[in-house]
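Q: the following comprises the amino acid sequence and a computationally predicted model.
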Amino acid sequence: VSAEADPYSGGVWQLWTMLSWWLLVLPCLSLVPPARAEKGLDFPQYDGKDRVLDINDKNYKKALKKHSMLCLYYHEPIPDSKELQKQHQMTELVLELAAQVMEEKDIGFGMVDSKKDAKVAKKLGLEEEGSVYVFKADRVVEFDGLLSANTLVEFLLDLLEEPVEVIENALELKAFDRMEEDIRLIGYFKSEDSEHYEAFKEAAEQFQPYIKFFATFEKPVAKELTLKLNEVDFYEPFMEEPVTIPGRPLSEEELVEFITEHRRPTLRKLRAEDMFETWEDDIEGIHIVAFAEEEDPDGFEFLEILKEVARDNTHLPELSIVWIDPDDFPLLIPYWEKTFKVDLFRPQIGVVNVTDADSVWMEMEDEEDLPTAQELEDWIEAVHDSQCTDDI
């Protein structure tokens with residue numbers, strides 16, 4: 001991309017490139033905070049020490065043994081372009097800052113060149129350039145989020161936690177009930193020594209940290225959840241009632257199979273920690289995208305309408321709506337408004353082609369009144385009948 005190029009030109013992948021570039025720059029631009037007398041909010045400053053390893057055939061085994069977790073950035077060969085070199089250096093700086101912050105947690109960081117270190121990449125199973133892979137024990141977890149220091153560190157901290165969180169009382173259960181944006185499972189087991197709990201835990205490790213697993217060994221909590229012994233409930237985001245996974249007790253394989261089959265929610269929020277996984281999980285190259293600011297009255301109302309539509313149509317496997325709160329991605333608002341030709345100060349819903357970012361948006365004739373759930377359902381049905389997608 002030349003310096004003179006229109007920053008808003010190109011397809012949807014440039015959207016993510018631009019987003020990654022600007023948001024990974026932000027932590028680095030704030031490395032030197034203003035001097036203050038008060039203590040307690042001292043954001044980390046990069047100390048200049050090199051912690052990120054240049055992983056090669058000679059040192060990768062040692063790096064894996066040395067650290068409880070090893071975080072590797074798999075990148076294309078360093079380009080000749082000065083602009084792309086600067087982007088690469090900025091990415092490296094983000095990794096250095098994350099490595100510095102996580103040093104006491106025994107997490108190592110490294111970079112793997114897809115050309116120079118092709119043999120190592122093959123041995124480690126690294127495939128997608130620009131991706132971050134985390135090695136933990138015998139697992140490899142791909143980080144599918146925004147490559148910024150904040151997001152990466154949060155992801156790694158989640159990976160350090162136990163794969164299953166135990167709920168012991170009513171207050172913890174109340175907190176569980178409020179996690180409506182997440183896919184989550186909860187099971188009731190006799191004790192931590194139960195073989196069925198162990199199978200549940202093994203399944204949790206395969207989806208950590210993207211899907212949250214909870215368990216209880218307390219009868220009062222299980223009664224409140226209407227769970228029988230060795231039974232597991234699956235909660236889809238924004239749904240009022242869970243689905244009980246058929247069969248009990250459940251094996252690890254049965255749990256993994258069910259989760260894999262039902263992993264795509266009817267309504268899901270685009271979040272920095274798993275945004276690429278969400279965007280790549282399109283349906284035949286198409287996403288139904290809804291913009292709504294949750295803190296705005298109209299946005300909140302529109303989101304509630306979206307939830308109603310999702311709950312009424314959760315039985316349709318081909319329906320999946322991606323909700324984007326513009327407040328979460330302020331740097332992208334001008335791009336989205338220019339590319340999609342919509343006003344993001346108002347709620348919007350449209351169909352986006354993920355290949356070239358062409359789109360069709362629902363016309364809302366009355367700016368004061370939002371569409372009803374039925375009107376929204378009719379519009380979505382029209383989309384699935386190809387009345388809209390033919391124009392994309």
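A: Great, that's in hand.
Q: quick one, helices of the stretch 201-350 of the chain?
A: 219-225, 252-261, 275-280, 297-312, 333-340 (DSSP state H, counting those that start in this stretch).
Q: what pLDDT does the residue nearest in space to the middle of the chain get?
A: Nearest residue to the geometric centre of the chain (C-alpha atoms, centre = their mean): residue 274, 1.4 Å. Note on residue 274: pLDDT of 89.
Q: hang on, the earlier thing: reformat the helices of the stretch 201-350 of the chain as JSON lines; add mean neighbour count and distance to residue 127.
A: Using the backbone N, CA and C atoms, a C-beta is placed for each residue, glycine as well. Formatted as JSON lines, the helices of the stretch 201-350 of the chain follow (neighbours: other C-beta atoms under 10 Å; distance: least, C-beta to C-beta, whole Å):
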{"stretch": "helix 219-225", "mean neighbour count": "15", "distance to residue 127": "40"}
{"stretch": "helix 252-261", "mean neighbour count": "16", "distance to residue 127": "20"}
{"stretch": "helix 275-280", "mean neighbour count": "18", "distance to residue 127": "14"}
{"stretch": "helix 297-312", "mean neighbour count": "18", "distance to residue 127": "33"}
{"stretch": "helix 333-340", "mean neighbour count": "17", "distance to residue 127": "29"}
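Q: returning to what we had before: who's in contact with the residue nearest to the centre of the chain?
A: 144-145, 210 (C-beta atoms under 8 Å, 6 or more residues apart in numbering).
Q: show me how far the longest helix along the chain is from its chain's centre.
A: If you go by DSSP state H, the chain has its longest helix at helix 82-101. Centre-to-centre, helix 82-101 and its host chain are 21 Å apart (C-alpha atoms, centre = their mean, to the nearest Å).
Q: give the buried residues for it.
A: Neighbour counts using 16 or more other C-beta atoms under 10 Å place 87-88, 90-101 of helix 82-101 among the buried residues.
Q: what of stretch 261-270?
A: 264-270.
Q: pull the number of nearby residues for the closest residue to residue 220 other than its chain neighbours.
A: Closest residue to residue 220 apart from its sequence neighbours, by C-beta to C-beta, 6 or more residues apart in numbering: residue 170 at 7.8 Å. Residue 170 has 11 neighbours, counted by other C-beta atoms under 10 Å.
Q: surely residue 170 and residue 225 touch.
A: No: with contact defined as C-beta atoms under 8 Å, residue 170 does not reach residue 225; the gap is 11.2 Å.
Q: remind me which residues of the stretch 251-392 of the chain are low pLDDT?
A: Residues of the stretch 251-392 of the chain meeting the criterion pLDDT under 70: 366-367, 384-392.
Q: hmm, back to that, and the contacts of residue 274, which is closest to residue 315?
A: residue 210 (23.6 Å; C-beta to C-beta).
Q: mind checking pLDDT for that closest one?
A: 94.
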